[in-house]
Each structure stands twice: as C-alpha cells, then as structure tokens.
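Undergrad: Sequence first, then the predicted structure:
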Amino acid sequence: MPARTRFIKQALIVFLVALLGFVATRIVNDKDTPSYTLSNSIDLSGDGIGTNSLLIGSRLPAITLENVDGQEVSTQSLLSAPLIINVWYSTCEPCRRELQALANADTQYRDQVRIVGVNIKDSATVAKKFASQFGVDFELLLDKNGQFISRLGIATAPVTLAIDPQGVIIGQKAGEISASELDKLVKELLK
C-alpha cells in the first residue's frame, strides 16, 4: 500500500474518532435540550380560547362581506340594532354544538337583537345547507378573504361577539357558547 493511501486512511480514522468524541461530549453535556412528556389529558376548564384578541371596548371594523346569496354586505349596515355575531364553519365541532342555541336565541330575541353568522371556511352552498339542518334562519355572511377575522384578531372558531348599535363590542366569548351564556350576552346588550 503506498504511503499516500495509508496517510489518507489514518487521517480519516483520526477525523472520525475526533468527530465521534465531539458528538458524544455534546450529547452527555447538553443541558439545554428540553425533555417532553406526552399526555392525553388536557384542561379545557378555562373561560375560553386564549388565542383570540380581547375585543371588548373596540369597534366593529368597517368591512364588506358577502352573504350566501352573493350580495355584498357592509358590517356597518348590521348596526341598526344590538348585534350578536357568531364566527363559525361547518366542520368545527364546537360550532356545530352551539348552532342550535344560536338558532333558538334568534327566534326568541328576533325583535330586539340581530344575530348574524360569519362563516370563515365554507362555500355559500355548504354554509346554507349546514345551517338549515339546525333550523338557522338568521343572516349568514362569508369571510371569503379572511379580512374580518384578521382585522379583529380572531385566530380560532367559534367566537361570539355582542355589539351595541354604535358598533362597540361589549361582550366576547371564544369557544363554544352555551344557551345560558348567549342569554347573558343578549341581556347585556339590551340593558
């Protein structure tokens, strides 16, 4: 074996031994690597989902949405009466569970409060068909480009907002809203 080949093999062996020593030292001495424990438990007992902006006291932004019939609707045109806006979509399980409570509240308070659903993912056909299964008769709007949720800082659905006739958000519920919570929001609006 020529001297040059032997030298290259020896250099390669020295390099590999040094590299393995370096890696072993890093593994043993690496105190910055966090350890994780996987669990199936989760605590959902909080008051809502904390990834949405706190909106109470802010104004409903002037945005143009589209209704399920393809007509443009300005959010400002919704402010003729106290307003409940529910942000939802059909494959959201909490949205599904709360839709009946919203339909019932619309029937009960229709003469006093306007309830509007803002769908953030579905087509007009899917939104209409899905909502009709739950007896929804309130207005359905589509946030096709995400401008509504972006301007409000809404990152998750469902979200329910209570808005006075001047456009000020006076109540907010992130996550599934119960019939009693919805009733409380409506009564706050009617004060």
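TA: Everything's here; your move.

Undergrad: Of all the helix elements in this protein, which one is longest?
TA: helix 3-29 (DSSP state H).

Undergrad: So which bits of that helix are buried?
TA: Residues of helix 3-29 classed as buried: none (neighbour count, 16 or more other C-beta atoms under 10 Å). Placement of C-beta: from N, CA and C, glycine included.

Undergrad: Give me the sheet partners of the helix or strand following it and which way each runs.
TA: Downstream of helix 3-29, the first helix or strand assigned by DSSP states H and E is strand 64-67. Looking at strand 64-67 with DSSP bridges, its partner strands are strand 72-74 (antiparallel), strand 139-142 (antiparallel).

Undergrad: between those, which gets nearest to residue 60?
TA: strand 72-74 (10.5 Å; C-beta to C-beta).

Undergrad: Buried residues in that closest one, which are they?
TA: residue 73.

Undergrad: Please apply the same query to stretch 150-157.
TA: Neighbour counts over stretch 150-157 (16+ other C-beta under 10 Å) mark 152, 154, 156-157 as buried.

Undergrad: thinking again about what came up before, redo the strands paired with strand 64-67 as CSV? Include mean pLDDT and distance to residue 10.
TA: Compiled in CSV, those are given as follows (pLDDT from 0 to 100; distance: least, C-beta to C-beta, whole Å):
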stretch, mean pLDDT, distance to residue 10
strand 72-74, 97, 78
strand 139-142, 97, 71
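
Undergrad: wait, which of these is closest to residue 183?
TA: strand 139-142 (20.2 Å).

Undergrad: So what's the residue count around residue 168?
TA: Neighbour count of residue 168, defined by other C-beta atoms under 10 Å: 15.

Undergrad: Distance of the nearest residue to it once chain neighbours are set aside relative to residue 127?
TA: Leaving aside its chain neighbours, residue 168 sits nearest to residue 59 (5.9 Å; criterion: C-beta to C-beta, 6 or more residues apart in numbering). Distance of residue 59 to residue 127, computed by C-beta to C-beta, to the nearest Å: 26 Å.

Undergrad: most centrally placed residue in this protein?
TA: Residue closest to the average C-alpha location in the chain (C-alpha atoms, centre = their mean): residue 156, at 0.7 Å.
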